[in-house]
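[1] Output the structure for:
(chains A and B)
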Amino acid sequence: MSPENPAENTPPRPGSAAGNGPAGAGRTDAPRSAGTSDPGPGSGAAAKAGSPGEAGGQPAVRIRDLRVAGPAGELVHGIDLEIAPGERVGLIGESGSGKSLTAFSVLGLLDEQLSVSGEITIAGSENLIGASEARFGKLRGTVASMVFQEPMTALNPLMRVGDQVAETMLVHGTVSGRAAAHRKAVELLDQVRLPDPPRISRSYPHQLSGGQRQRVVLAIALANDPAVLIADEPTTALDVTVQAQVLELMAQLVRERGSSLLFISHDLAVVGSITDRVAVMKDGEIVESGPVREVFTAQRHPYTRALLEASDLSGEVLGDAASGARSGSAGDTAGTAPPVTATSTGGAGTAATTSGTASAAAGRDTSADEVHDRVATPRQTPVAGVRAASAPAAAPAAPGTGPEHRWDGDEVTGERIYNQAEQPLIRARGVSRLYRRGVLSSARTSREVKGLDDVSFDIAPGQQVGLVGESGSGKSTLIRQICALDTPTSGEIEIAGITLRDAEGREAGRKDLHRIREQVSIVFQDPMASLDPRMRVRQIVAEPLIGVPKAEAAERAAEALSSVGLGADALDRFPHQFSGGQRQRIGIARALVTRPKILVADEPVSALDVSVRGQVLDLIAELARENNLTLLFISHDMSVVRHICDRVMVMSAGRIVEAGPTEEVYSDPRHEFTRKLIDATPNLAEVLHGA
Amino acid sequence: MVIRILRQLGVFLLTALAASVVVFTLLSVVPGDPAEVALGTSATPEALEAQREAMGLDQPAPARYAEWIMGLATGDFGVSAVTQQPVIDELAPRLGTTLLLVGAGMGVALIVAVPLGIVAAIRHNKPDGAFFSGLSQLGVAVPAFLAGILLITVFAVHLRWFPSGGWVRPGDGLGDLLRHLALPALSLGLVQGAVLARYVRSSVLDVKREDYLRTARAKGLSPNRALMKHGLRNAAIPVLTVSAVQLTVVLIGAVVIERVFVINGLGDLLLMKIDTRDMQSVQAIVMVLVLAVLLINLIVDILYTIIDPRLRERA
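    Take a look at the predicted model:
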């Protein structure tokens, strides 16, 4: 489509070969593996483009002075980045920092309206900036491939999964014949540890879970053993436990193939757990880069420090990181053994890949050592932080010694009442919510789905209770009951003294429902979607005030807005004029305007950037304290709950499995699922100490 | 999947039944006495009474409905009060003509819309893409009968390539039939094609933004190949919905176009029967049109199930 790039044969600019980029934007950490001779594919082209400073092996990816400009101006301002063969590099930054643009430029997948300049080479190729679509087509899926953020939409919904994996090989002719491609596809599905690969290969994407779909995307990306894998926030949309598994898997597979990894994420703990080296991006520039531990412990740039502070809710890292980083890595020198996950299938296959891993890693670790001479020990476990977390968690009390479940209070009629209180504000006994499929439903599974399964708990006035669990565990169903948006199919539930459903099955009338909804307010997860784009902030915030005179409603709206830190000038603006964090503040103001007793916050910060996350959390905590609110805080992130809640309830499969004071549950989880959840939560401190 | 199709079949039958009640009721309350129509205004009251009895008009409405619907189910549409002929004998050949016309019109629409829409979407930010887009915009603004008159003026009157109207039976030579079919099918199809092209364009533009298309490109497929292989089938789903609505519009449009081109089709018959107050026939024709529309929707629903695996197992 585009003409041949005139700049293709331009020699590299001498100034950018190594060291500082223009404007002193970042240190490039060019690998100096001088002695090794690694011809690699396309060495002819590389010789042409090679610079005197980089004799020998070519970097897997080399980016020089990359600039991306859109219609509204430049978005990426000349960044330099280099990834050595087999090296895993993280690219950290908030939304809008240009990290995804950088990733997409490498594969030439940027939107047509954006223009790129600079130099990009992959595995010794010529400069790919402005290369033709056909040229990129030959590289994509073979030399470099990509895993995307959203597994739910990354696969063609109308095509069988096996066909989609096989296509990658058929397009490039790396496997001859359809039958062979399909056989290889099933093998790949097995390698990404999907259960029953032959069956999965015949499935359609909608029949798989998000984690399974991401494994399929990974299989597609790795089908042709690429030199470089680019992963753009690959686990952001996944549950923590699934995230941990996918990270481990990705690290292992990349290592087996000796592929380089460019891992993009806003989550420092995740990046730290899987990469050797990180680059921090802000406003289209790399502000800092270097080995993970060095960047995370001795940040030179204030932005890196701010990011770290925002991510480190527990304050563990910044407090003792410097000394902690030096403390040994004994915890995980168990080393290269394949990570054990719940889904690992076929012992033989895994064992076979282990030896491959070891040998592949051996050759690579030496060069990695040279590159990162400041790292004491080469990283040996793919995701040390995630796995190492299990050790300290289990330390205080050996699991199994205490009661299997923790709950406060008596066993009344054999049922467990979690978090029992004298005079609860929310009182639930044996609450179940069954969903029935239609009579004519052709679904082969059970006719009934248990959204909530016999749940009993209390929440006392003024408590700040965290509700954690994976997607599908019943958190949302439970808060739908508490917000009186739904009624249980059995059990009794009382909210702020008003009965939603009693033991005899009598349900609240319209008036009572309205009274409950006045007492319970909710802050939603997505501040972009939960505010009507055509309403002014004034109307949005005042909308819950039904039956309140106009003048008073306006006054209260302004009051609520100022309590969340927004000025009166915000009143007449529209939601799109605010940032994500500000929008969430508007959402909080709307929740508080009715002066509720109970505030339900449904993952209120998961859609926000790390740096504003802390502020919004603190705001919610402060407002809850000031207004004597009872807070029910839903999250999949244990560390967020730990930061804001004094109590926690853990849900799994429609049931509460453990409840208690947050610190106690966190340091001494009794239920297996709680342990799994805590272990899987990426933790900065663990990343650094384990590294 | 089978259950889903059976359920759709059930919905079709129920809707058809409900529609028949509406058709029957509407045409019953229309003023005009079929017995009077049959005998003329000079008939004596006694003769009228006897005629009513013979036609079953003395029966209460539910009984008349029951008789009508039972007849309908067995293909018996009753006897025309005006011509004294079974309605089905007049209706059947004309139904064939109209179906041919509608089919050809829709065929033209699809042949125009699908390539035009795809090209307009692929080249949406280029001048020619905008041109195709504008072309379809223009088409949207032209009603079918006007297009018909324009086509007659140009191709029949001035160029004399095609006849300006009339019809031949399929048995009387295919070439002649096609010559007679060309202009009415074009006037029906071009306009609908222009409308449909806009939907094809926006649907293709939507799938172009889908993540799975990006995944396909990341595999090494070229943008156009990715679109052909992964995009079009996905884009077809919303286009199918619109096509069903359009097919209905074409069916109704055929009624007018048959007048413009002097074709003895169902629409022509309908207008004629309304003129002669032959309510028995009007009722039958309207019911046939309603059934055709419902059938179109049933077929589209089944096509959804075939295209989209997600619908095969969901309730």
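[2] Going by neighbour count, list what's buried in stretch A:656-663.
    Buried residues in stretch A:656-663, counted by 16 or more other CB atoms under 10 Å in any protein chain shown: A:656, A:657, A:658, A:659, A:660, A:662. Where C-beta positions appear, they are placed from N, C-alpha and C, glycine not excepted.
[3] Pick the one among those closest to residue A:121.
    Nearest to residue A:121 among the buried residues of stretch A:656-663: residue A:662, at 49.8 Å, using CB to CB.
[4] so what's the closest one scoring on pLDDT?
    On pLDDT, residue A:662 comes in at 91.
[5] Next: the one 5 residues further on.
    Model confidence at residue A:667, given as pLDDT, is 88.
[6] Touching, residue A:644 and residue A:633? I think so.
    Yes. Here residue A:644 reaches residue A:633: they are 5.9 Å apart, a contact under CB atoms under 8 Å.
[7] quick one: residue B:206 and residue B:235 touch, right?
    Yes. Between residue B:206 and residue B:235 there is a contact under CB under 8 Å: 7.2 Å.
[8] More neighbours: the two, which one.
    Each of residue B:206 and residue B:235 has its neighbours counted (other CB atoms under 10 Å in any protein chain shown); residue B:235 has more, 26 against 14.
[9] give me every residue that touches that one.
    Shown in contact with residue B:235 (CB atoms under 8 Å, 6 or more residues apart in numbering or on different chains): B:200, B:203, B:204, B:206, B:207.
[10] tell me which parts of chain A are close to chain B?
    Within chain A, the positions adjacent to chain B are A:107, A:109, A:112-113, A:133-134, A:137-142, A:145-146, A:148, A:150, A:153-159, A:167-168, A:171-172, A:204, A:206, A:217, A:220-221, A:437-438, A:440-444 by CB under 8 Å from any CB of the partner chain.
[11] and with 7 Å instead?
    When proximity is defined as CB under 7 Å from any CB of the partner chain, chain A approaches chain B at A:107, A:109, A:133, A:137-138, A:140-142, A:145-146, A:148, A:150, A:153-159, A:167-168, A:171-172, A:204, A:206, A:217, A:220, A:437-438, A:440-443.
[12] circling back to that earlier point, can you put the buried residues of stretch A:656-663 in CSV and add secondary structure?
    Putting the buried residues of stretch A:656-663 into CSV (DSSP: H, G, I helix; E, B strand; the rest coil) gives the following:
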residue, secondary structure
A:656, strand
A:657, strand
A:658, strand
A:659, strand
A:660, strand
A:662, helix
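[13] out of those, which one sits closest to residue B:258?
    Set against residue B:258, the nearest of those by CB to CB is residue A:656 (69.8 Å).
[14] residues contacting residue A:430?
    Contacts for residue A:430 (CB atoms under 7 Å, 6 or more residues apart in numbering or on different chains) come out as A:415, A:454, A:456, A:490, A:491.
[15] how near is it to chain B?
    For residue A:430, the distance to chain B equals 29 Å [CB to the nearest CB, to the nearest Å].
[16] which of the contacts of residue B:235 are buried?
    Neighbour-count burial (16+ other CB under 10 Å) applied to the contacts of residue B:235 gives B:200, B:203, B:204, B:207.
[17] Domains in chain A, by residue range?
    A:6-388, A:411-438+A:445-679 (automatic domain parsing).
[18] Pull the distance from the shortest one to the chain's centre.
    It refers to domain A:411-438+A:445-679. 22 Å (CA atoms, centre = their mean, to the nearest Å).
[19] would CSV of the domains of chain A with distance to residue B:84 be doable?
    Putting the domains of chain A into CSV (distance: least, CB to CB, whole Å) gives the following:
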stretch, distance to residue B:84
domain A:6-388, 55
domain A:411-438+A:445-679, 51
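[20] quick one on the thing from earlier: between residue A:644 and residue A:633, which contacts overlap?
    Overlap of the contact sets of residue A:644 and residue A:633 (by CB under 7 Å, 6+ apart) consists of residue A:464.
[21] So between the two, which is more surrounded?
    Set side by side, residue A:644 and residue A:633 show more neighbours around residue A:633, with 28 against 21, by other CB under 10 Å.
[22] what's near enough to touch the more buried one?
    If a contact means CB under 7 Å, 6+ apart, then residue A:633 has A:464, A:465, A:466, A:467, A:601, A:641, A:644, A:645 as its contacts.
[23] unless I'm mixing things up, the fourth one is touching residue A:649, no?
    Yes. The criterion here is CB atoms under 7 Å, and residue A:467 meets it with residue A:649 at 5.3 Å.
[24] Show me which of these two is the more surrounded one.
    Using other CB under 10 Å as the criterion, residue A:467 and residue A:649 rank with residue A:467 on top: 30 against 26.
[25] Could you say whether residue A:95 sits in a helix, a strand or coil?
    Secondary structure of residue A:95, reduced to three states by three-state DSSP: coil.
[26] What's the separation between the closest residue to it other than its chain neighbours and chain B?
    Leaving aside its sequence neighbours, residue A:95 sits nearest to residue A:609 (CB to CB, 6 or more residues apart in numbering or on different chains; 5.7 Å). Going from residue A:609 to chain B by CB to the nearest CB gives 22 Å.
[27] if we can go back for a sec, now the buried residues of stretch A:656-663 as a markdown table including distance to residue B:71?
    Listed next are the buried residues of stretch A:656-663 as a markdown table, based on distance: CB to CB, whole Å:
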| residue | distance to residue B:71 |
| --- | --- |
| A:656 | 65 |
| A:657 | 66 |
| A:658 | 70 |
| A:659 | 70 |
| A:660 | 75 |
| A:662 | 76 |
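[28] tell me which of the contacts of residue A:633 is nearest to residue B:213?
    Nearest member of the contacts of residue A:633 to residue B:213, counting by CB to CB, is residue A:601, at 36.1 Å.
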